[in-house]
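1. Generate coordinates for the sequence data below:
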Amino acid sequence: MKKKRILFLVTVFLTVTFNVLSQTNDSILVKENYFGTPLLKVLNDFEVKYGLTLKYDSTLIANYKFDRLYLGAPPQIAFDGIFREIEDLAYYADENGVYCIVLKKNLPKNRTRLENKRFEGDASRHNLTVSGRIKDQTNGEPLPFASVYVDGHNIAAPTNTDGYFTLYNVPSDKEILVFKYLGYETQYFYLSPEVNVNNLFVELLPASNTLDEVVIVKEREDVLKIPALSIGVIQTTAAKIADLPALGEKDLFRTFQLMPGISGSNESSAGLYVRGGTPDQNLVLYDGFTIYHQEHLMGVFSAFNTNAIKDVQLHKGGFDAKHGGRLSSVMEIVGKTGNDKTFNMGGDVGFLGFNAFMEIPFKNEKGSFFVAGRRSFPSFMYDKFTSVYSNSSTSATMGGGGPGGGFNQRNQEKPESYFYDLNAKLTYNLTKRDIVSLSFFNGEDDLDNSRTGFGSSFMSGSITDKTEWGNIGSSVKWSRNWDNQFYSNLLVSFSNYYSLRDRQNNSTESNSTNPANATAVMFNQNTGENNKLWDYSLKFDNEYKINRTNKLEFGLNYSRYNVDYRYSRSDSVDILNMHNQGNLISVYVQDKWTMGEKFTIHPGVRLSYYDVTSRPYFEPRFQTFYKINKEINLKASVGYYYQFMNRIVREDISAGSRDIWLLSGKESIPVSSSTHFIAGGSYETNGYLFDVEGYYKKLNNLSEYTLRFAPSFIDNTSYQQFFYNGEGYSSGIDFLLQKKYGKLTGWLGYTLGESRYHFPVYGTGYFPANQDVTHEFKIVGTYKPVRDLTFTASWIYATGKPYTEPIGAYTLNVPNGGNMSFIVADTKNNARYPDYHRLDLLLKYDLSFIKEVKSSLSLSLFNVYDHVNVWYREYGYDTAAGVTQTNINLLGFTPNVTLSIQLK
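-> Just a heads-up that it's a prediction; the model follows:
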């Protein structure tokens, strides 16, 4: 049956591919992929294939080469694009319609380019400051972190989260401004003496909207972008995420897991393990407020609906003083504001669930309301995901023996589970300079993983295991663009994380296989956990652009935390029962100063006061950049970081370790800290990017909780002594080679890394951290043979992660008359799981049978060659079989089909 399903899906895959590739278009449009192509060859194509009549001196252009991808441009428009790239040459049309190509300096004064919109008179203003805002042409949404620069000059600036930008020292009012944003067509804006340079309004058109009736010229097809003058920063957009393979549906975190420096072998966790760090060491901000738990369906998906996301930036390390409270990295997610021009709605449906959104504009384009929801539903694919909790794996016996020993079989029962999330955002433009927005997020999972009938011929029983977890949060933000130099935003937010688990293990052991002679012994091991966190915050951020080369940022942050955690066993012992609260206030200032044209420094400092410890915390940060030439850049960073809210590992050998959020500051859980050292460089051309960064991260005051060294029974209060503190480090080097241009794009990523911890309680030396991966290699390729078809493949290989093996077990009587079993662990993380690897494929076809509706059909194939990857190992104990080991495996071959439809 399994082979038939695979054969059927492959057949569908090949049929759709053949049908699309066999389509023809009789219209005369330029569809060429030029990369390093001699200009003589390009011009010959325009003459022979597209019927243009040209006149030029071949010796004049013999040494020129041309890079550009045309996916359906009218010949005259495509021809004009050549001379936007090659600045030394120009052309004009003579009286007979012949295009004459000459050196730009020899262009006749009475001749102009056919499509040239540049002002040809004398400039009336010089050394200008140009400011404005960039939006999406189709829906009016602002475009955050877009690139703006002056063509032919080293003058550039990014937009902020509301799409505002300012360019300083623009030479004159006849320059060409270039606007670029991932997933959008590049826009050229021609200044002239009549243009109001203090309030430009620029609209970019999404690449997917440029159909055959409009020129389709794409300079690049980036899925990811590394911004200039940045360290460890990766940017992407929701539009690009849809072009990558995903487990079930397009997923934000899974996309970033394909990048170097971010572990991609954590299939069971959508969380981000960045450069040897853990997910809690990554600050995740959604419209300014913190999301503490970011996973759905036992970690299979991230909790972020890509239909509700506009832009994402991830800082892998060395981040500046604006952000604090985390040791490793920062992810900034900007939610969609919604269409402020016209009503729009759409959605996705697949084998896992459905996803819908709606956009409602306000009158006179004063703002919009956006809402998106996603919910799972029962299906064969959803059952496949949940079945990893009850996978029929054999249990190899460690010790023990006798009748019934050797192997045990877990009983298969289907867990009951569902998840949902809801996003909403209201945006209102009070004035041309003032914007107010209200953002809301809620995501929740419920899992019932109870099962019965497990055991051997000597033991039987049942497990009740119910878990509920989620996050709810909201923010209100007021943004004001005071003038072209000063920008502020004030944000008030709250975030609430919760996780509740009730696990009861009831079993009966017999001392004989003969019921007449058997004596039954009852074993009861019940555990309960309740973890809740409340975060109330206020942020006031300011940006002052002193001049083109100097930008000052400063601000104030305040947070109040309340954290509760209760962990109990066998209904009679409270192992931990903690209630903590604290207040944190921080101020920061940082400056980005470019000295000359090559050297940039970015110093900053963050100062915090934490009332739990009643002391200040000083965090200096420094980044520097040196531009050797147009293609080669060097970079380095150093910084000090503190974390006041930690997700601590509660080690559990028998049922798998758990993570809990607790407030730092007490002796048992000190405030953790890290120091980052990063250095690297990049080489970038129009077609390729090579980036390398080496890093070293020293970690102090790490905390972990384990009962492996505890006596059998102690009073409730003394259980808190089993928090243990240690230190650690992560080091490594990330390599990225990206092809950004052509029908085939993608990247190769490789990370060589090491993550080591030292906790004195585990011994004198360092041991591999749970997230330690020595080698991780990733290859991602996207092929777009025609406009409507996208084919993507990704392959990941990683060395196995470490884990702790047990060396024995024992049982003890407890006060309620039952028994408890205890696993005796070996040295910390003394073993490793097998190496991890998998291949994923995606076929995405943009449907065009209804012109007024945008739709696509995607076929995703996960783990194509069905490799068995081990998730974790469970250990149990009974007196007959001894310690038993059960492999819990990750997903094998998993297909999914998704249909996406939206009006605009």
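2. What average pLDDT does stretch 679-695 get?
-> Average pLDDT, stretch 679-695: 90.
3. which outside residues touch it?
-> Stretch 679-695 is contacted by residues 35-36, 67, 219-220, 226, 231-232, 261, 275, 316-318, 631-637, 676-678, 730-742 when judged by CB atoms under 8 Å, 6 or more residues apart in numbering. Every C-beta, even on glycine, is put in place using the N, C-alpha and C of the backbone.
4. Tell me the buried residues within those.
-> Buried members of the contacts of stretch 679-695, scored by 16 or more other CB atoms under 10 Å, are 35, 67, 219-220, 226, 231-232, 261, 275, 316-318, 633, 635-637, 676-678, 730-742.
5. Just the ones of those in helices?
-> Among the buried ones among the contacts of stretch 679-695, no member is found in helices (DSSP state H).
6. and those, which of them are in strands?
-> Using DSSP state E, 35, 67, 633, 635-637, 676-678, 730-739 are the members of the buried ones among the contacts of stretch 679-695 that sit in strands.
7. where does the stretch 351-500 of the chain dip in pLDDT?
-> 381-415, 451-461 (pLDDT under 70).
8. show me what contacts Asn489?
-> When contacts are counted by CB under 8 Å, 6+ apart, Asn489 touches 161-162, 477-480, 539-541.
9. at 6 Å instead, please
-> Residues counted as contacts of Asn489 (CB atoms under 6 Å, 6 or more residues apart in numbering) are 477, 479, 541.
10. swap in Tyr164?
-> 133, 481.
11. Show me what it is bridged to.
-> For Tyr164, the residues forming beta bridges with it (DSSP bridges) are Arg133.
12. Which secondary structure state is assigned to the residue nearest to Phe380 when sequence neighbours are not counted?
-> Of all residues not flanking Phe380 in the chain, Phe351 sits nearest, at 7.2 Å (CB to CB, 6 or more residues apart in numbering). Classification of Phe351 by DSSP: H, G, I helix; E, B strand; the rest coil places it in coil.
13. what's the spacing between Phe351 and Ser860?
-> Separation of Phe351 from Ser860 (CB to CB, to the nearest Å) stands at 10 Å.
14. Tell me where this structure has helices.
-> Using DSSP H, helices in the chain cover 2-21, 39-48, 75-85, 238-241, 252-256, 380-386.
15. Okay, now the unreliable bits of the stretch 201-350 of the chain?
-> 207-223, 247-248, 268-270, 298-299.
16. show me where the stretch 101-250 of the chain has strands.
-> 126-136, 147-150, 156-158, 164-172, 176-180, 187-190, 200-204, 217-218, 233-237 (DSSP state E, counting those that start in this stretch).
17. now do the stretch 501-650 of the chain
-> Assigned by DSSP E, counting those that start in this stretch, the strands in the stretch 501-650 of the chain fall at 520-547, 550-569, 573-595, 599-610, 615-627, 632-643, 645-650.
18. Of those strands, which stretch is the most buried?
-> Of all the strands of the stretch 501-650 of the chain, strand 645-650 carries the top mean neighbour count, a mean of 22, counting by mean count of other CB atoms under 10 Å.
19. which other residues reach it?
-> Taking CB under 6 Å, 6+ apart as the rule, strand 645-650 contacts 280, 657-662, 664, 703-705.
20. pull the CA atoms of that strand into CSV?
-> Output of strand 645-650 as CSV, limited to C-alpha atoms (Å, rounded to 0.1, in the frame of the first residue of the first chain):
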residue,chain,number,x,y,z
MET,A,645,13.9,34.7,32.0
ASN,A,646,15.2,31.2,31.3
ARG,A,647,13.7,28.0,30.0
ILE,A,648,15.4,25.4,32.1
VAL,A,649,15.8,21.7,31.3
ARG,A,650,14.2,19.4,33.8
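21. what lines up beside it in the sheet?
-> strand 658-663 (antiparallel), strand 688-705 (parallel).
22. what mean pLDDT does the first one have?
-> Think strand 658-663. For strand 658-663, mean pLDDT rounds to 83.
23. what's the spacing between the closest residue to Tyr610 other than its chain neighbours and Ser608?
-> Sequence neighbours aside, Leu584 is the residue nearest to Tyr610 in space, at 5.2 Å (criterion: CB to CB, 6+ apart). Distance of Leu584 to Ser608, computed by CB to CB: 6 Å.
24. go on, Gln485?
-> 28 Å.
25. Arg326 now?
-> Distance, Arg326 to Ser608, by CB to CB: 13 Å.
26. same check, this time on Glu249
-> 39 Å.
27. Beta-bridge partners for the residue nearest to Leu859 when sequence neighbours are not counted, please?
-> Leaving aside its sequence neighbours, Leu859 sits nearest to Leu843 (CB to CB, 6+ apart; 4.6 Å). Counting by DSSP bridges, Leu843 is bridged to Phe791, Leu859.
28. quick one, strands of the stretch 351-500 of the chain?
-> Under DSSP E, counting those that start in this stretch, the stretch 351-500 of the chain gives strands at 353-361, 367-376, 394-398, 407-409, 416-429, 434-448, 451-454, 459-481, 486-510.
29. Tally up the residues packed near the nearest residue to Gly582 once chain neighbours are set aside, please.
-> Leaving aside its sequence neighbours, Gly582 sits nearest to Val612 (CB to CB, 6+ apart; 4.1 Å). By the criterion of other CB atoms under 10 Å, Val612 has 18 neighbours.
30. Quick check, pLDDT for Val612.
-> pLDDT, Val612: 93.
31. among the strands of the stretch 101-250 of the chain, which is nearest Tyr797?
-> strand 233-237 (20.5 Å; CB to CB).
32. in the sheet, who's paired with the closest residue to Pro806 other than its chain neighbours?
-> In space, and not counting its chain neighbours, Pro806 is closest to Ile823: 4.7 Å by CB to CB, 6+ apart. On the basis of DSSP bridges, Ile823 is bridged to Ala809.
33. For Ile823, give its distance to Thr884.
-> 11 Å.
34. quick one, which of the two is more surrounded?
-> Set Ile823 next to Thr884 and count neighbours by other CB under 10 Å: Thr884 wins out with 25 against 19.
35. Please tell me I have it right and that one contacts Glu874.
-> No. The criterion here is CB atoms under 6 Å, and Thr884 misses it with Glu874 at 8.3 Å.
36. shaky segments in the stretch 51-200 of the chain?
-> In the predicted model, the stretch 51-200 of the chain carries pLDDT under 70 at residues 59, 69, 71-73, 95, 108-120.
37. hang on, the earlier thing: could you identify the most distant pair in the contacts of strand 645-650?
-> Spanning the widest gap among these are Ser657 and Ser664, at 19.6 Å by CB to CB.
38. Among those two, which residue is more densely surrounded?
-> Ser664 (24 against 16).
39. Distance of the closest residue in space to Thr306 that isn't next to it in sequence relative to Asp840?
-> Nearest residue to Thr306, sequence neighbours excluded (CB to CB, 6+ apart): Ala238, at 4.6 Å. According to CB to CB, Ala238 stands 19 Å off from Asp840.
40. Kindly report the same for Ile733.
-> Note on Ile733: its distance to Asp840, by CB to CB, is 25 Å.
41. again, but for Val330
-> 27 Å.
42. With Asn646 instead?
-> 33 Å.
43. Equivalent analysis for Gly732, please.
-> Gly732 is 24 Å from Asp840, where distance means CB to CB.
44. surely Ile796 meets Val780?
-> No. Applying CB under 6 Å as the test, Ile796 and Val780 come out as separate, 9.3 Å apart.
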